[in-house]
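J.: Sequence first, predicted coordinates after that:
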Amino acid sequence: KNEVEQSPQNLTAQEGEFITINCSYSVGISALHWLQQHPGGGIVSLFMLSSGKKKHGRLIATINIQEKHSSLHITASHPRDSAVYICAAEEYGNKLVFGAGTILRVKS
Amino acid sequence: NAGVTQTPKFRILKIGQSMTLQCTQDMNHNYMYWYRQDPGMGLKLIYYSVGAGITDKGEVPNGYNVSRSTTEDFPLRLELAAPSQTSVYFCASSYAFAGEYGEKLFFGSGTQLSVL
């Protein structure tokens, strides 16, 4: 069993919809990362958070340390948001454990 | 700034051949990493380095070697290529401390390697 589980694996949404991607982890962590992998393969770091919530534009990331759960929300989704979203749990000592990713497709 | 530059983008190797994947960063990051990404799986750490002259194994180091002679460069060497090493490889580097939104990791564009 992977230490980091993401759901759903695949998600198709209509433009404008509110999107939630979930991440659960079973290890003790110092931080939780959200990454975006573009269709061309490049990976961009979106957030790193260890508590509470962070917001950047239409993206919001939250984490509940007690429940070992994080969510990434996208408001007013757009086709350009189509990508693979990856969460990664940062264990103590900078070791990252990655989820398998959520493939998001936003249709216009 | 170029960020993390990774070459080549694509490569096909025959079984038993060797090659080096190059990775260079111009952000003066101490931490550098090599990951491989297999279909449907999360990224797996091959090797990492916390500074020039210091390297250590990750989760899946077998069949690979690295060196870190400078802060900027972190090449990954495959000595005897095997079909199991067919994958997409990513180099990454990081600050010790995160940016405004917590961004901390910077990735190269990836190398798609096929071993036939």
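T.: Alright, I've got the coordinates.
J.: for A:Ala61, what are its contacts?
T.: Contacts for A:Ala61 (C-beta atoms under 8 Å, 6 or more residues apart in numbering or on different chains) come out as A:32, A:34, A:46-47, A:49, A:53-55, A:70-73. All C-beta spots, glycine's among them, are computed from the backbone N, C-alpha and C.
J.: Starting from the helix or strand encompassing it, tell me which strands it pairs with and how they run.
T.: Taking DSSP states H and E as the criterion, A:Ala61 maps to strand A:59-64. Sheet pairing of strand A:59-64 (DSSP bridges) gives strand A:52-56 (antiparallel), strand A:69-74 (antiparallel).
J.: Buried ones in the shortest one, by neighbour count?
T.: Going back to what we said before, that points to strand A:52-56. A:Lys54 (16 or more other C-beta atoms under 10 Å in any protein chain shown).
J.: for stretch A:56-76, same thing?
T.: Residues A:59-63, A:68, A:70-74 are the ones in stretch A:56-76 that count as buried (16+ other C-beta under 10 Å).
J.: Would you mind putting the CA coordinates of that stretch into PDB?
T.: Taking Å, rounded to 0.1, in the frame of the first residue of the first chain, the C-alpha atoms of stretch A:56-76 are listed here in PDB:
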ATOM      1  CA  HIS A  56      -2.700  31.400  -4.800                       C
ATOM      2  CA  GLY A  57      -5.000  32.800  -7.400                       C
ATOM      3  CA  ARG A  58      -7.700  30.200  -8.100                       C
ATOM      4  CA  LEU A  59      -5.800  27.500  -6.200                       C
ATOM      5  CA  ILE A  60      -6.400  26.700  -2.600                       C
ATOM      6  CA  ALA A  61      -4.500  24.000  -0.600                       C
ATOM      7  CA  THR A  62      -5.600  22.900   2.900                       C
ATOM      8  CA  ILE A  63      -4.200  20.400   5.300                       C
ATOM      9  CA  ASN A  64      -5.500  18.600   8.400                       C
ATOM     10  CA  ILE A  65      -2.600  17.300  10.300                       C
ATOM     11  CA  GLN A  66      -4.700  15.300  12.800                       C
ATOM     12  CA  GLU A  67      -6.500  13.500  10.100                       C
ATOM     13  CA  LYS A  68      -3.400  13.200   7.800                       C
ATOM     14  CA  HIS A  69      -5.400  14.600   4.900                       C
ATOM     15  CA  SER A  70      -4.800  17.400   2.400                       C
ATOM     16  CA  SER A  71      -7.000  18.800  -0.300                       C
ATOM     17  CA  LEU A  72      -6.300  20.900  -3.400                       C
ATOM     18  CA  HIS A  73      -9.200  23.000  -4.700                       C
ATOM     19  CA  ILE A  74      -9.500  24.800  -8.000                       C
ATOM     20  CA  THR A  75     -12.200  27.500  -8.300                       C
ATOM     21  CA  ALA A  76     -13.700  28.500 -11.600                       C
END
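J.: from what I can see A:Pro39 touches A:Ala83, true?
T.: Yes - between A:Pro39 and A:Ala83 a contact is recorded at 6.7 Å, counting by C-beta atoms under 8 Å.
J.: Between these two, point out the one with more neighbours.
T.: Between A:Pro39 and A:Ala83, counted using other C-beta atoms under 10 Å in any protein chain shown, the more crowded position is A:Ala83 (21 against 9).
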